[in-house]
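Chemist: got a structure for you, letters missing:
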Ligand SMILES: *[C@@H]1O[C@H](CO)[C@@H](O)[C@H](O)[C@H]1NC(C)=O
Ligand SMILES: *[C@@H]1O[C@H](CO)[C@@H](O)[C@H](O)[C@H]1NC(C)=O
Ligand SMILES: *[C@@H]1O[C@H](CO)[C@@H](O)[C@H](O)[C@H]1NC(C)=O
Ligand SMILES: *[C@@H]1O[C@H](CO)[C@@H](O)[C@H](O)[C@H]1NC(C)=O
Ligand SMILES: *[C@@H]1O[C@H](CO)[C@@H](O)[C@H](O)[C@H]1NC(C)=O
């Protein structure tokens, strides 16, 4: 405790001393150029933090490594040669197409022309394909994104070409797990399907002239067609979508298996959803990541999977990541129809990695971080926390209603209902499969809520757990403020499978509890802030006074953004703020230019809600622009961790119309101090410490540092004209968003007991 106090005092002194230069110093310290005592280093690293979570984390005693526990419960019949045995539980994990004990039951996701009606109580999904897997009648109405004018893969609900370049399924009587005779070229229902039959009758949902797809030079007919669509499934690429490509599996199957569109197929004796676990009694083998350099660049074998090193280096929290029933995680990845969805990274042609701009990317991102982190433990008995890597955002958007399966537990209703029921079912599954839920009533279990309204609609069954969310709304009595009907969690839905409705299962908790939960930054890949001084671009003159580019609600109800964006947009337009005051507010048609460049040239940036959270806090902070927050009773990301008042401006919604006068009244000195303080925390708002991500960032930093403007800015920094925040020169991996979350979690351990 005395130590803690000393740190706090030191921190205060240092903050006063370095009020405006601390940002620069912490960069130097991270590069190891300055030799300071450990206490000083910690104090600097913990600048602008509230409470002692940061210092306490750094001053903890490391935990010794232990050999990982290993399971040896056998599964029946080699999981029917399709599944993966979990030697901890003796249950089979089944990929798409299979389910049930031993993966002995077929689980179809057939292509269909219509969704099941809510009254329909059949348990099997509907289908509009015959035994030959072709659509029964092209001219019959009805369109779903799984409708297929080709050959249907009815394990996945995915469509492929018919004809010479088309799919030939495995024979009906082939043993389970037999691959198709020919995979075929994919046909995405959303863009690639022919719009007529061969004789010109219109069909539903098609986009392309029949000739392009099936004509003499058609994509499905010849090896080098005159036209080819974009590829759908991640594991096919190339100009004609017929070259094998890598697919994303979180953790890259640890170098002990290979990825089948999101489902890891493990080498013999390896198990778990990322093949990181080794069956009891077998020797640990070197991983084979080097055989797939494009995977090796992105991941590493989890430290917990290796022989325990003698030196104690592990820091708490220790986190156990559940190997979930695949339906809640990896099967959903298999069901997505396009690579850029559901994941924070994916492989493009020639296995080139792209970090995704999918706004719910934290879902797979945090999962992958944890899988390969030193915080991960395979031993539930020593775990401080249990992470539940369910893919609810993937379910809610790219999977739900693309085919007539899966439903939790029946069709119909708003899409939030599906994820609510999925979570309820999932907790039941954890509770029957493992003893750890009951032990502490789920208080040490962590759930991520990346969707627009975050944990607002979290089922009550997880209400005592730790929530990581993007949405810091705090009112206890809340109703949905989305403008999007399918996300409206206030409008109840009753049906045969849930006669009581879903609302009763989500009532009685706030969207977020500032004590037990944490509002975390959304996933922003580095290409979205490449011109920022945070990526070593020279600090530019900030010649835009106030900036916002995005949806200003032109096509929306006043529900959207609580009316704030609409109001300010109108004021700015009607009064010509752009030319009078350099205030740029509008959508892409109003405000032109490179988004990252403009943010890094802006003094203030507007942060107002969208349908729920908005990415504007991240966009502002990551560019060193002062966030101007207009959302009542809502915490911004990490608000409970940092002294956000020192680097943001907050305006009540009722005063939104006074934004210009309020900002103009801020004295220059105060502004400089806010900008400097922002420079002490901005790196905490980015995800930067995944292997491929940090090397991408480093490359960008090197290239930005070669910018001719950099020298000029450097010269300027030596004078009084220094621009804040200063260009970041440190190691991007240090204290990024993920490690900030870990540091906070450490401080919460005692409260989960
Ligand atoms: C196919 O569907 C159309 C439109 O419903 C119908 O007119 C036609 O008779 C159907 N063809 C067959 C062979 O059933
Ligand atoms: C497919 O291509 C072959 C060879 O070019 C051609 O003979 C055949 O008619 C084409 N099929 C269709 C349906 O156009
Ligand atoms: C990409 O990865 C896949 C799957 O691992 C592999 O089959 C293919 O050869 C790789 N392609 C290239 C260009 O390396
Ligand atoms: C967990 O299982 C126990 C014992 O079967 C039961 O009493 C409890 O209600 C279950 N809790 C949940 C959340 O399912
Ligand atoms: C959501 O549902 C509630 C209750 O039915 C309703 O009052 C509200 O207007 C709905 N919101 C939207 C955006 O439809």
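Modeler: Sure, I can see it. Everything numeric here is computed off the predicted structure, so don't read it as measured data. Ligands and ions are numbered 1, 2, ... in the order given.

Chemist: so which residues on the chain come close to ligand 5?
Modeler: By C-beta under 6 Å from any ligand atom, the part of the chain that sits against ligand 5 consists of 480, 482, 483, 485, 488, 490, 491, 559. (Each C-beta comes from the backbone N, C-alpha and C, glycine too.)

Chemist: drop anything exposed from those.
Modeler: If you count burial by 16 or more other C-beta atoms under 10 Å, the buried members of the residues of the chain next to ligand 5 come out as 480, 482, 483, 488.

Chemist: how about those residues in TSV, adding distance to residue 253 and pLDDT?
Modeler: Converted to TSV, these look like this (distance: C-beta to C-beta, whole Å; pLDDT from 0 to 100):
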residue	distance to residue 253	pLDDT
480	39	96
482	37	91
483	40	87
488	39	96
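
Chemist: just those: which are in strands?
Modeler: Of these, none are assigned to strands by DSSP state E.

Chemist: distance to residue 301 added to the residues you listed, as CSV?
Modeler: Below are these laid out as CSV (distance: C-beta to C-beta, whole Å):
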residue, distance to residue 301
480, 43
482, 41
483, 45
488, 44
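
Chemist: contact partners for the residue nearest to residue 410 when sequence neighbours are not counted?
Modeler: Closest residue in space to residue 410, ignoring its immediate chain neighbours: residue 497 at 3.7 Å, by C-beta to C-beta, 6 or more residues apart in numbering. If a contact means C-beta atoms under 8 Å, 6 or more residues apart in numbering, then residue 497 has 121, 409, 410 as its contacts.

Chemist: my read: the first one touches residue 412, true?
Modeler: No: assessed by C-beta atoms under 8 Å, residue 121 is found out of contact with residue 412, at 11.5 Å.

Chemist: can you list the low-confidence ranges for the stretch 1-150 of the chain?
Modeler: Counting by pLDDT under 70, the stretch 1-150 of the chain has low-confidence residues at 1-35.

Chemist: for the stretch 201-350 of the chain, what lies in contact range of ligand 3?
Modeler: Taking C-beta under 6 Å from any ligand atom as the criterion, the neighbours of ligand 3 within the stretch 201-350 of the chain are 244, 245, 246, 292, 350.

Chemist: residue 162: which of those residues is nearest?
Modeler: Out of these, the one with the shortest distance to residue 162 is residue 244. That distance is 21.1 Å, counting by C-beta to C-beta.

Chemist: ramachandran angles for the closest one?
Modeler: With angles defined as degrees, to the nearest 10, residue 244 sits at phi -60, psi 140.

Chemist: wait, it touches residue 231, no?
Modeler: No: counting by C-beta under 8 Å, no contact exists between residue 244 and residue 231, whose distance comes to 11.5 Å.

Chemist: okay, these two: which has more neighbours?
Modeler: Applying other C-beta atoms under 10 Å to residue 244 and residue 231 shows that residue 231 carries more neighbours, namely 24 against 11.

Chemist: name the element that one belongs to?
Modeler: Taking DSSP states H and E as the criterion, residue 231 maps to no regular element, lying outside all helices and strands.

Chemist: for this protein, where's the lowest mean pLDDT among helices and strands?
Modeler: When the helices and strands of the chain are scored by mean pLDDT, DSSP states H and E, helix 2-17 comes last with a mean of 39.

Chemist: so, low pLDDT: which residues of the protein?
Modeler: Regions of the chain meeting the criterion pLDDT under 70 cover residues 1-35, 717-718, 720.

Chemist: residues from it in reach of ligand 2?
Modeler: 214, 215, 216, 221, 222.

Chemist: just send those back as TSV, with distance to residue 400 too.
Modeler: Shown next, in TSV, are the residues of the chain next to ligand 2 (distance: C-beta to C-beta, whole Å):
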residue	distance to residue 400
214	31
215	35
216	39
221	34
222	36
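
Chemist: distance of the residue in the stretch 1-150 of the chain positioned nearest to ligand 5 relative to ligand 1?
Modeler: Of all residues in the stretch 1-150 of the chain, residue 118 sits closest to ligand 5, with a separation of 17.2 Å (C-beta to the nearest ligand atom). Counting by C-beta to the nearest ligand atom, to the nearest Å, the separation of residue 118 from ligand 1 is 23 Å.

Chemist: now swap in residue 140 and tell me
Modeler: For residue 140, the distance to ligand 1 under the criterion C-beta to the nearest ligand atom works out to 4 Å.

Chemist: and the closest residue to that residue other than its chain neighbours, how many neighbours?
Modeler: Leaving out its chain neighbours, the residue that sits closest to residue 140 by C-beta to C-beta, 6+ apart is residue 113, at 6.3 Å. When neighbours are counted by other C-beta under 10 Å, residue 113 registers 23.
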